[in-house]
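J.: Let's see this in three dimensions:
(one chain, ligands or ions: 1)
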Amino acid sequence: MTPFTVRLRFHGDLPFFVRSKREVVERSLKERTSVKDTIEACGVPHTEVDLILANHQPVNLSHVITSKTEIEVFPVTGNAITSFQHNRLQLAHIRTFVADGHLGKLVRDLRLLGIDVLYDRTAEDRQLVETAAGQNRALLTRDRHLLMHSAVRHGYYLRSQNPLRQTVEVLRRFDLAPALAPFSRCLKCNAPLEPAEKQEIIGQLEPLTKIYYHQFRRCPDCGQVYWSGSHFAKLEARIAAIHDGLQEEA
Ligand SMILES: [Zn+2]
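T.: This is a model prediction of the structure:
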């Protein structure tokens with residue numbers, strides 16, 4: 001096959017992923033190549049791509065390039081383009097997640113807000129990919145190569161290393177504000193909490209808690225008991241900080 005040139009233009013914040021950080025990349029191909037592989041060879045995971053135009057026509061990720069082509073690649077958020085709504089590659093409204101092992105603080109924030117996030121500090125890459133694919137969860141990670149697995153349908157690469165900023169990023173990317181239910185989920189194991197009668201859990205309480213608190217929730221999976229004690233004010237302050245982050249301009 002005669003080598004041919006593919007010219008890719010990355011829109012929005014996608015040049016962040018490109019090795020040269022440039023908006024336009026030219027590649028010489030010697031064989032038929034899928035558009036997914038061509039884009040990912042530039043460093044951009046397919047989970048960050050919402051729309052691809054090949055010579056001005058929308059295509060999906062498995063589209064095969066066989067000759068000189070101009071490719072336009074658009075991100076999920078901060079997208080100026082409003083046409084081709086039926087050719088979008090990502091779902092905006094995913095409500096369940098799996099996070100990779102380095103994101104404990106982000107996971108705690110999201111669970112505090114009631115978001116369903118599976119997390120195992122010791123999970124290996126293969127398990128993360130299987131959980132994301134098998135349960136249709138979006139994979140949250142700072143490992144872009146993990147997001148390039150074709151089994152991963154949905155995912156998000158966290159731009160920030162700061163847990164609070166990361167939480168705001170996830171809420172924005174997946175439009176989670178309408179789905180928030182603070183204090184409804186176990187911070188340790190992700191299970192939805194249930195109301196508990198004081199009599200049932202009184203054996204687990206410290207003497208002063210027994211006296212001063214009357215409303216309790218319990219995790220049906222791990223047994224952890226929650227009440228609005230001194231730690232509650234810290235958690236409320238955390239939620240307020242996340243809310244402030246959401247109000248700021250992106
Ligand atoms: Zn629990």
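J.: all contacts plus neighbour counts: C-alpha atoms, from now on.
T.: Fine.
J.: surely M1 meets K30?
T.: Yes: A contact is recorded between M1 and K30 when judged using Cα atoms under 8 Å, the distance being 6.3 Å.
J.: neighbour count winner among these two?
T.: For the pair M1 and K30, the greater number of neighbours falls to K30 (13 against 9), based on other Cα atoms under 10 Å.
J.: I65 is in contact with that one, correct?
T.: No: taking Cα under 8 Å as the contact criterion, K30 and I65 are not neighbours in contact, 10.6 Å apart.
J.: mind listing the helices for the chain?
T.: Shown for the chain, the helices assigned by DSSP state H span residues 35-41, 104-112, 125-134, 144-147, 163-173, 198-201, 207-212, 230-247.
J.: okay if I get those helices as CSV plus mean pLDDT and mean neighbour count?
T.: What follows is the helices of the chain, written out as CSV (pLDDT from 0 to 100; neighbours: other Cα atoms under 10 Å):
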stretch, mean pLDDT, mean neighbour count
helix 35-41, 97, 19
helix 104-112, 97, 22
helix 125-134, 97, 17
helix 144-147, 96, 20
helix 163-173, 95, 19
helix 198-201, 87, 12
helix 207-212, 84, 11
helix 230-247, 89, 14
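J.: Can you say which of those helices is nearest to the ion?
T.: Smallest distance to the ion across the helices of the chain (Cα to the ion): 10.8 Å, for helix 104-112.
J.: quick one, the closest one and helix 230-247 angle?
T.: Between the axis of helix 104-112 and that of helix 230-247 there is an angle of 100 degrees, by axes from the mean of the first three to the mean of the last three Cα atoms, to 10 degrees.
J.: if we look at helix 104-112, which residues are touching it?
T.: Outside of helix 104-112, the residues that reach it under the criterion Cα atoms under 8 Å, 6 or more residues apart in numbering are 99, 116-117, 119, 121, 163-164, 166-167, 182-188, 190, 235, 238-239.
J.: just stretch 170-186 next, same as before
T.: The contact list for stretch 170-186 (Cα under 8 Å, 6+ apart) reads 76-77, 92-95, 111-116, 156, 158, 191-193, 219, 224, 246.
J.: near the ion, from the residues you listed?
T.: On the criterion Cα under 5 Å from the ion, C219 are the entries of the contacts of stretch 170-186 that sit beside the ion.
J.: Thought G101 was touching R121, still the case?
T.: Yes: when contacts are counted by Cα under 8 Å, R121 is listed as touching G101 (4.2 Å).
J.: any residues touching the worst-scoring helix or strand of the chain on mean pLDDT, and which ones?
T.: The helix or strand with the lowest mean pLDDT-type score in the chain, counting by mean pLDDT, DSSP states H and E, is helix 207-212 (a mean of 84). With Cα under 8 Å, 6+ apart as the test, helix 207-212 has contacts from I202, G229.
J.: Tell me, how many residues neighbour F84?
T.: Neighbours of F84 under the rule other Cα under 10 Å: 12.
J.: ditto for the one 5 residues further on
T.: L89 has 21 neighbours, counted by other Cα under 10 Å.
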